[in-house]
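Asker: turn this into a model:
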Amino acid sequence: MKTKPGIIAQKLLNLYRQQHVILGGWTVVNQVFVSEADASVLAELKTMPTGRMLVQHIENLRSRKTPMDSVAIDLLPYGGMVGSPIARDDLSVSEIEELRVALANFVPDLNGLSRIQSSGVVRKFGAEWQVAIQSALANYPEMQNQWGIVIKTARAYQLWQSANDILSTPISDRTRAQVQADLPEFETYLPMFGDTGNDILSKLRVFVSSV
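Answerer: Numbers count the residues shown, from 1 in each chain. Predicted structure coming up:
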């Protein structure tokens, strides 16, 4: 059965908003945009919040105005919201050291994530903490790699909560379509929670396929 354009459009929009937690970043997601966004998908995107910005980005890629490993500054999404790009904020020596210690001691669980989020150097960036720190660590590749683990852990718990919320509410066609679009991410992150995560993933698959 051919996937509906609306489902593909939602999947592409999810990739656009979450590219900062995807290995390979823009190089990977841009290839997906170009290969999967046909005319019907682009039409669906234009009806979605921030979808027109993604359409413009795809057009930029296809015209080669934007390289396949990049995105125009005015089209950068941050933390699921597309808006003005975050200016890079260089960290002080003491902040770098604070972050270095926090990352060295980081355990990828809820308590470890809470400790990272409560540190002063992270709290100063507010809601944009994930991408702001990633940008501020541009000159520290080893710490950037460690920070990537923090971002993936945060995304895993976000999806864990989302999956439980979905399974506790009545099924609707719209929710089913949303789960189907997000299923690749659920399949990536929920197994991190062991048997319980795999059980929830099985329930989500049934949720998607149920009529």
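
Asker: least confident secondary structure element in this structure?
Answerer: The helix or strand of the chain with the poorest confidence is strand 81-82; it has a mean of 38 (mean pLDDT, DSSP states H and E).

Asker: C-terminal to it, what's the next element?
Answerer: Next along the chain after strand 81-82, taking DSSP states H and E as the criterion, comes helix 93-104.

Asker: which other helices and strands contact that next one?
Answerer: If contacts are counted by 3 or more CB pairs under 8 Å, 6 or more residues apart in numbering; DSSP states H and E, helix 93-104 sits against helix 110-118, helix 120-123, helix 141-167. The C-beta positions use only the backbone N, C-alpha and C, and glycine is treated the same way.

Asker: which one of the ones you listed lies closest to G194?
Answerer: Ranking the helices and strands packed on helix 93-104 by proximity to G194 (CB to CB) places helix 141-167 first, at 11.5 Å.

Asker: export the helices and strands packed on helix 93-104 to JSON lines and tack on mean pLDDT and mean neighbour count?
Answerer: Below are the helices and strands packed on helix 93-104 laid out as JSON lines (pLDDT from 0 to 100; neighbours: other CB atoms under 10 Å):
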{"stretch": "helix 110-118", "mean pLDDT": "92", "mean neighbour count": "14"}
{"stretch": "helix 120-123", "mean pLDDT": "88", "mean neighbour count": "15"}
{"stretch": "helix 141-167", "mean pLDDT": "86", "mean neighbour count": "16"}
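
Asker: what's the closest of these to D69?
Answerer: helix 141-167 (16.5 Å).

Asker: the closest one packs against which elements?
Answerer: In terms of contact count using 3+ CB pairs under 8 Å, 6+ apart, helix 141-167 is assigned the packing partners helix 93-104, helix 110-118, helix 129-136, helix 173-189, helix 194-209.
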